[in-house]
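Asks: Got a predicted model here, sequence first, then my questions.
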Amino acid sequence: MISKKVILTGSFGVGKTSLFNQFIYSRFSDKYLTTIGVKVNKKVISIEGKELSILLWDIAGEVSQDKVPVSYFLGASGIIYVFDLTRPTTFKNIETDLDYLKGLLPNSSVKIVGNKKDLLSEEEIEEVLKTIGNKCHITTSAKTGENVNELFLELGKELL
Amino acid sequence: MQQGYMNDIEKQTFQDEILLSKLREILLKEDRAALHTVQEVLDDPEKLSNRISPIIEHRLDILKQNFPEEYERIVTGIIEKKIKDSQDDLLDVIYPVLGKMIRKYVNQQFQVLKDNIDGRIANTFSSKSIIGRLRALVFGVRDSELLLSNLDSAVIEEVYVIERDSGILMGSYSRNSTIDKEVIAGMLTAIKSFVEDAFQREREDLELIQYGTYKILIQNFHTYYIAIALGGTLSSSEKAKLSTLILDFAEKELKLGKKHHEGYLDYEISEKLQTYFTAKLST
Ligand SMILES: Nc1nc2c(ncn2[C@@H]2O[C@H](COP(=O)(O)OP(=O)(O)OP(=O)(O)O)[C@@H](O)[C@H]2O)c(=O)[nH]1
Ligand SMILES: [Mg+2]
């Protein structure tokens, strides 16, 4: 079996830990416990008959990515950049953040994720996505679980 | 008895007395002169300093040379107490910034420091180590073998070879495998990154994690690191020797180039670990 390091990163409170918990344990909590440092867990997914072990790093949120210790990013094959669809401050740095991450990990696959879609209507979501130049790959809800497994499957395919 | 009459014995005593008093006079004269000289030296600060300085310097030299042996116990005692007393102050400053994990780590580090101090005193007099050394002298037993036979209190539970950047497990040895080694390897790497980053230590690496009597020793290499999980107690000298053992293993068995395994668990590494550690631990 092949193992790949995947990081969950983005501003604080956007729902990285919630996506992590939904993906690994299929559970959600309304409580907000900010992540200190980083947490790692694993899930094996199967893609077209092949097994992939995803080592998922849930990284503490920072307002901009250059504030995150570089060592958390090193060796990552996949980057999941999460923002909160309801809070513009969480996607205002999207461009510089991604440039920075791509600079550090030029060979990685990147997924840009708009989370908390359960809080907005379809129209509102469309509006938000337009303001960031349709860069977003997928919108998710860690609360309802919508698109969470899909996100990891899509990324997984790129990693194999 | 008539006055003025002396027998021979009395005459002799009398003469002796005269001689003695003359002698006393001479001696006292010298004493007085000496006393005068001493007085002069004492009264003149410059003369006094000239006399005393070399003596003090000489004493200081002796003290400098023998300080560690003569005063180590006292000084380490004081340092130990100081650290203990100010531990909370230190932690209070650090805690809000670095969080719970660091608090634990710092606590453990203080414990290690304390153990080292205790250990250094104890080791000097440990009969076990003296007998061990004698045995080595007589039978020519090698140091590392001696160590392993002495490791009866510490048990190697797991050995991991982990890719340094990604934290992906490259190979492992385990006595009884119950935990998910890949997750352990990842989390270990994350903790390592966290601690190393939090302390802003360039070129310094986390080398020990301790949880109760459970320890994880870490030996860093360029593209990977080796972590050994141990149960039981391990002295600082045993620890040092164990790390030599790991270096030896890495040098002989792990010749990894960069991008050697690309995320695959390397069964060859696991096999080598198994062979090496089973052999070493059964001697
Ligand atoms: N309604 C809704 N709430 C969410 C969703 N995802 C997360 N939340 C809530 O948002 C808050 C923050 O979520 P976390 O997952 O802790 O956020 P984080 O990105 O890990 O935050 P940091 O660890 O501080 O960087 C929590 O109260 C969650 O319950 C979502 O999809 N929908
Ligand atoms: Mg979090």
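Replies: Looks like it came in fine. Ligands and ions are numbered 1, 2, ... in the order given.
Asks: hey, let's count contacts and neighbours off CA atoms from now on
Replies: Fine.
Asks: pLDDT value on the residue sitting furthest away from the middle of chain A, please?
Replies: Centroid-distance maximum for chain A: A:Gly49 at 24.5 Å, with Cα atoms, centre = their mean. Predicted confidence (pLDDT) at A:Gly49: the value is 91.
Asks: The one 3 residues further on now?
Replies: The confidence metric pLDDT takes the value 94 at A:Leu52.
Asks: Can you pull out the residues in contact with the helix or strand where it lies?
Replies: Element membership for A:Leu52, per DSSP states H and E: strand A:50-59. Defining contact as Cα atoms under 8 Å, 6 or more residues apart in numbering or on different chains, one finds that strand A:50-59 is touched by A:1-9, A:16-17, A:20, A:35-46, A:72, A:156, A:160, B:168, B:182-183, B:186.
Asks: Report the buried members of those.
Replies: A:2-9, A:16-17, A:20, A:36-42, A:45, A:72, A:156, B:168, B:182-183, B:186 (16 or more other Cα atoms under 10 Å in any protein chain shown).
Asks: Narrow those to those in strands?
Replies: Members of the buried ones among the contacts of strand A:50-59 lying in strands (criterion: DSSP state E): A:2-9, A:38-42, A:45.
Asks: By mean pLDDT, flag the weakest helix or strand of chain B.
Replies: Counting by mean pLDDT, DSSP states H and E, chain B has its least confident helix or strand at helix B:143-150, which shows a mean of 47.
Asks: Which is the succeeding secondary structure element to that one?
Replies: Counting by DSSP H and E, the next helix or strand C-terminal to helix B:143-150 is strand B:155-163.
Asks: Report the mean confidence score over that following strand.
Replies: For strand B:155-163, the mean pLDDT works out to 87.
Asks: interface residues of chain A facing ligand 2?
Replies: With Cα under 5 Å from the ion as the criterion, chain A meets ligand 2 at residues A:17, A:34-35.
Asks: can I get the residues you listed in CSV with pLDDT and distance to B:Ile62?
Replies: Shown next, in CSV, are those (pLDDT from 0 to 100; distance: Cα to Cα, whole Å):
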residue, pLDDT, distance to B:Ile62
A:Thr17, 96, 63
A:Thr34, 92, 59
A:Thr35, 92, 57
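Asks: Between these, which sits nearest B:Leu19?
Replies: The shortest approach to B:Leu19 among the residues of chain A next to ligand 2 belongs to A:Thr35, at 101.4 Å (Cα to Cα).
Asks: Verify the stated contact: the closest one with A:Thr17.
Replies: Yes - assessed by Cα atoms under 8 Å, A:Thr35 is found in contact with A:Thr17 at 7.4 Å.
Asks: Could you count how many residues lie near the nearest residue to B:Glu182 once chain neighbours are set aside?
Replies: What sits nearest to B:Glu182 in space, not counting adjacent residues and going by Cα to Cα, 6 or more residues apart in numbering or on different chains, is B:Leu169, at 5.7 Å. Neighbour count of B:Leu169, defined by other Cα atoms under 10 Å in any protein chain shown: 24.
Asks: what's near enough to touch B:Leu169?
Replies: Contact analysis of B:Leu169 by Cα under 8 Å, 6+ apart lists B:160-163, B:181-182, B:185-186, B:265.
Asks: phi, psi of the nearest residue to A:Val110 once chain neighbours are set aside?
Replies: The shortest distance from A:Val110 to any non-neighbouring residue, by Cα to Cα, 6+ apart, is to A:Ile79 (4.7 Å). In terms of degrees, to the nearest 10, the main-chain angles of A:Ile79 are phi -120, psi 130.
Asks: contacting residues for A:Ile79?
Replies: Going by Cα under 8 Å, 6+ apart, A:Ile79 touches A:6-9, A:108-111.
Asks: ok now do the residue found closest to B:Arg175 once you drop the neighbours it is linked to in the chain, which residues does it touch?
Replies: Excluding its sequence neighbours, the residue lying closest to B:Arg175 (Cα to Cα, 6+ apart) is B:Glu157, at 5.5 Å. For B:Glu157, the contact set (Cα under 8 Å, 6+ apart) comprises B:174-176, B:228-231.
Asks: quick one: pLDDT of B:Arg133?
Replies: B:Arg133 is assigned 55 on the pLDDT scale.
Asks: Please apply the same query to B:Phe67.
Replies: Value listed for B:Phe67 in the pLDDT field: 75.
Asks: what's the answer for B:Gly119, then?
Replies: 63.
Asks: which intervals of chain B have sub-threshold pLDDT?
Replies: Scanning chain B for pLDDT under 70 picks out B:1-4, B:86-153, B:177, B:200-203, B:255-267, B:279-283.
Asks: Can you name the residue of it nearest to chain A?
Replies: B:Ser166 (4.0 Å; Cα to the nearest Cα).
Asks: quick one: that residue and A:Leu74 touch, right?
Replies: Yes - B:Ser166 is within contact range of A:Leu74, at 6.1 Å (criterion: Cα under 8 Å).
Asks: about what we covered before: list phi and psi for the residue of chain B closest to chain A.
Replies: Main-chain dihedrals, B:Ser166, degrees, to the nearest 10: phi -80, psi -20.
Asks: now do B:Tyr173
Replies: The phi and psi torsions at B:Tyr173 (degrees, to the nearest 10) take the values phi -120, psi 140.
Asks: How about it, nearest residue that isn't a chain neighbour?
Replies: Nearest one to B:Tyr173, counting by Cα to Cα, 6+ apart, is B:Val159 at 4.9 Å.
Asks: Give me the neighbour count for the one you found.
Replies: For B:Val159, the count of nearby residues is 25 (other Cα under 10 Å).
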